[in-house]
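Chemist: predicted coordinates and the sequence they were generated for:
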Amino acid sequence: MKYDDILNEAHHLPERTFEDLMKEVKRSIDNFEIDNLILNAVKDSTLSIENYHSLLKNLFHQVWVVPGTFALAGGLTPERLSLARDYLLHHAEEEKLHWTWIISDLRATGYKEIDPRELYPSIETQAYLSYATFLALRFPLGRLAMAAVLEGISAKFGERY
């Protein structure tokens, strides 16, 4: 096969409906509690302050980068989807300083190690950030889906834990 043949091939991403999206968002939220080491430690009363600090250090990078991915996705959303664009840009603005909550909580709980701003994110966090950036660049509405899962997790489990 010639390269020109490959370049001229038509290809299509699978189509999904809003119902498909909502089903997957619900499934992801429902599965969040399964084998979740942090939540298990909270339930078993074995969560240490060191575990909590480690969680906050990992979350810091996600919270620092996420507003930019929302803004990027918003900027790349076509005009015909202006409500989604506006939401993404608004959400970027809303989230932009949430990283300060993590620094504040670390300090309030006696954390004395390296400031998370001076650390690289874990491999798992880098994978998450890469996916968020990929969605923002290639599928801006997918960035909304990713946000829907996190917002749903917060709504379902936040008060309980």
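Modeler: All right, it came through fine.
Chemist: got the contact list for stretch 94-112?
Modeler: Under the contact criterion Cβ atoms under 8 Å, 6 or more residues apart in numbering, stretch 94-112 has outside partners 49, 52-53, 56-57, 59-60, 63-64, 66-67, 70, 115-117. In short, each C-beta sits where N, CA and C put it, glycine included.
Chemist: burial count for the nearest residue to residue 53 once chain neighbours are set aside?
Modeler: By the measure of Cβ to Cβ, 6 or more residues apart in numbering, the closest residue to residue 53 outside its immediate chain neighbours is residue 111, 5.1 Å from it. Here the count is done by other Cβ atoms under 10 Å, and residue 111 has 18 residues near it.
Chemist: which SSE is residue 111 in?
Modeler: Mapping residue 111 onto the secondary structure by DSSP states H and E places it in no helix or strand at all.
Chemist: quick one: it from residue 158, how far?
Modeler: From residue 111 over to residue 158 the distance is 22 Å, taken as Cβ to Cβ, to the nearest Å.
Chemist: any idea of the mean pLDDT in stretch 83-103?
Modeler: Averaging pLDDT along stretch 83-103 yields 96.
Chemist: buried set for that stretch?
Modeler: By neighbour count on 16 or more other Cβ atoms under 10 Å, the buried set for stretch 83-103 is 84, 85, 87, 88, 89, 91, 92, 95, 96, 99, 102, 103.
Chemist: isn't residue 28 up against residue 149?
Modeler: Yes - shown here, residue 28 and residue 149 form a contact pair, counting by Cβ atoms under 8 Å, at 4.6 Å.
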